[in-house]
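[1] Let's see this in three dimensions:
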Amino acid sequence: MFFREWFAVFCLFCFAASLFFVANFSSNPTDLFCKTSPLSKIQVEVLGAVERPGVYEVEVGSSIRSILAQAGIKKTADRQRVNLKKKLLTSCRLNVPEKNLKKSKKKKESSSSISFMSYVT
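    Here you go, the predicted model:
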């Protein structure tokens with residue numbers, strides 16, 4: 001008799017614990033492991049053919065066009081080599097190339113580059 005009573009209590013405890021976990025945790029198992037970042041702002045370092053180079057804090061999903069509007073793009077910038085419509089989702093470094101006014105055989109054209117940095121918070 002003693003074993004049956006403890007077994008019944010154990011079963012009730014397991015049932016209650018399973019109800020607790022179902023109520024408090026998501027039913028989608030990927031939600032437990034694949035959380036998106038709660039950050040709503042990212043840092044973008046702007047270099048190259050801009051009037052005000054530096055680090056800008058912008059909203060996640062901001063376009064390169066809006067970031068360059070803040071930094072002030074120069075007239076000598078090669079706008080055709082920069083994808084102004086691209087949206088940035090992570091912190092990065094944006095290098096705006098200048099037009100090659102003098103064509104030189106030794107110098108290769110530099111292209112715009114975006115390099116991603118990770119910031120630990």
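[2] helices or strands next to the longest strand anywhere in the chain in the packing?
    The longest strand of the chain (DSSP state E) is strand 41-48. If contacts are counted by 3 or more CB pairs under 8 Å, 6 or more residues apart in numbering; DSSP states H and E, strand 41-48 sits against strand 54-59, helix 64-71, strand 92-96. C-beta here means a position set from N, CA and C on the backbone, and glycine is covered the same way.
[3] looking at these, which is buried most?
    strand 92-96 (a mean of 20; mean count of other CB atoms under 10 Å).
[4] could you pull out the helices for this protein?
    2-24, 29-33, 64-71 (DSSP state H).
[5] how about those, which one is nearest residue 45?
    Minimum separation from residue 45 across the helices of the chain (CB to CB) falls at helix 64-71, 10.1 Å.
[6] now the angle from the closest one to strand 41-48?
    Between helix 64-71 and strand 41-48, the angle comes out at 70 degrees (axes from the mean of the first three to the mean of the last three CA atoms, to 10 degrees).
[7] coming back round to it: next, the angle strand 54-59 makes with the longest strand of the chain.
    Going by the same axes, to 10 degrees, strand 41-48 makes 150 degrees with strand 54-59.
[8] Which neighbours in the sheet does strand 41-48 have, and how are they oriented?
    Sheet neighbours of strand 41-48, with direction, are listed as strand 54-59 (antiparallel), strand 92-96 (parallel) (DSSP bridges).
[9] So which residues make contact with stretch 49-65?
    39-47, 66-68, 70-74, 76-78, 82-89, 94, 96-98 (CB atoms under 8 Å, 6 or more residues apart in numbering).
[10] Swap in 6 Å and give it another go.
    Stretch 49-65 is contacted from outside by 40-47, 67, 70-74, 76-77, 84, 86-89, 96, 98, using CB atoms under 6 Å, 6 or more residues apart in numbering.
[11] Serialize the strands paired with strand 41-48 to a markdown table and add fields for distance to residue 18 and mean pLDDT.
    Formatted as a markdown table, the strands paired with strand 41-48 follow (distance: least, CB to CB, whole Å; pLDDT from 0 to 100):
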| stretch | distance to residue 18 | mean pLDDT |
| --- | --- | --- |
| strand 54-59 | 41 | 93 |
| strand 92-96 | 45 | 91 |
